[in-house]
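In: Any chance you can model this:
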Amino acid sequence: MLYEQKILLTVKEFAKVSGLGETCIRNLVRVDGFPALKNGRKYMIHRQAADKWLEEQAKGTCGHRAAV
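Out: Okay, here's the model as predicted:
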């Protein structure tokens, strides 16, 4: 799948591959430490770093869970 080959994904693309909703992803990009950058009006999400960040949040290894 093309999304798996891309390094940076849009909110819509990341929502599709992660199984999370677009609104949830739009909230996550504003959370401190979430691996996203703003490119003009769009947010771009680093796929591998975001997967790792979400995994750490699910495990609770960061000391607390992100408020989404």
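
In: Tell me the secondary structure at residue 44.
Out: The local conformation at residue 44, judged by DSSP: H, G, I helix; E, B strand; the rest coil, is strand.

In: May I have the beta-bridge partners of it?
Out: Following DSSP bridges, residue 44 is listed with bridge partners residue 10, residue 37.

In: gap between it and residue 51?
Out: Residue 44 sits 15 Å away from residue 51, going by CB to CB, to the nearest Å. For every residue, glycine as well, the C-beta is placed using N, CA and C.

In: hmm, which helix or strand of the protein has the shakiest average pLDDT?
Out: One helix or strand of the chain scores below all others by mean pLDDT, DSSP states H and E: helix 2-5, with a mean of 66.

In: quick one: the lengthiest helix in the chain to chain centroid distance?
Out: Across the chain, the longest stretch assigned as helix under DSSP state H is helix 47-59. Centroid separation for helix 47-59 versus its chain: 8 Å, with CA atoms, centre = their mean, to the nearest Å.

In: now for that helix, which elements pack on it?
Out: Packing partners of helix 47-59 (3 or more CB pairs under 8 Å, 6 or more residues apart in numbering; DSSP states H and E): helix 11-18.

In: what angle sits between the helix it packs on and strand 42-46?
Out: Orientation note: helix 11-18 sits at an angle of 30 degrees relative to strand 42-46 (axes from the mean of the first three to the mean of the last three CA atoms, to 10 degrees).

In: Only the buried residues of whichever helix or strand comes after helix 11-18, if you could.
Out: Note on helix 11-18: by DSSP states H and E, the next helix or strand toward the C-terminus is helix 22-28. Within helix 22-28, the residues that qualify as buried by neighbour count (16 or more other CB atoms under 10 Å) are 25, 28.

In: Sounds good, over and out.
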